[in-house]
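Sequence first, predicted model second:
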Amino acid sequence: MDKSKRLFLKSKRSFRRRLPPIQSGDRIDYKNMSLISRFISEQGKILSRRVNRLTLKQQRLITIAIKQARILSSLPFLNNEKQFEKSESTARTTTTGFKTKKK
């Protein structure tokens, strides 16, 4: 076989197909916290469809379920634990640094 023809042949590399993130038996519901929590980032944001590898319909249902869970306060709107610690430490340093006037 010529070298020129060999370049156009595709390599037959086997790849392992990933399992879908939502199984056929899973119900997408605001009560199913174990399922919903997989599609939220550490900051509390809804992950994109590309990251989740969901279909359009599944992503819409997940988004609705997350929003319902937030409204019913079973999920926080934001995860501010790290931000709270930072603001708390800066508040301490600013309140302790009072200057007194000398007469």
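That came through, no problem.

For the rest of this, base every contact and every neighbour count on C-alpha atoms.
Fine.

measure Leu47 to Arg13 for me?
Remark: distance between Leu47 and Arg13 (CA to CA, to the nearest Å) = 30 Å.

So these two - more neighbours on which side?
Set side by side, Leu47 and Arg13 show unequal neighbour counts under other CA atoms under 10 Å, the larger going to Leu47 at 14 against 5.

Phi and psi next, for the more buried one.
Leu47 adopts backbone torsions of phi -70, psi 150, taken as degrees, to the nearest 10.

Quick check: it touching Ile40?
Yes. Leu47 is within contact range of Ile40, at 5.6 Å (criterion: CA atoms under 8 Å).

now this structure, which segments are flagged as low pLDDT?
Along the chain, the model assigns pLDDT under 70 to residues 1-12, 81-103.

Would you map the helices across it?
In chain order, the chain shows helices spanning 3-6, 33-36, 49-52, 56-71, 81-96, with DSSP state H as the criterion.

Need the residues that contact the second one.
By CA atoms under 8 Å, 6 or more residues apart in numbering, the surrounding residues in contact with helix 33-36 are 28, 30, 62, 65-66.

Now it - C-alpha only, CSV.
Output of helix 33-36 as CSV, limited to C-alpha atoms (Å, rounded to 0.1, in the frame of the first residue of the first chain):
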residue,chain,number,x,y,z
MET,A,33,-31.8,15.5,46.1
SER,A,34,-29.2,12.8,45.3
LEU,A,35,-29.9,13.2,41.6
ILE,A,36,-30.1,17.0,41.6
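
Now do the buried residues in that helix.
When burial is assessed from 16 or more other CA atoms under 10 Å, helix 33-36 yields the following buried residues: 35-36.

and what of the fourth one?
For helix 56-71, the neighbour count (16+ other CA under 10 Å) marks 59, 61-63, 65-69 as buried.

Could you tell me which other helices and strands that helix packs against?
Here helix 56-71 is seen to pack against helix 33-36 when contacts are counted using 3 or more CA pairs under 8 Å, 6 or more residues apart in numbering; DSSP states H and E.
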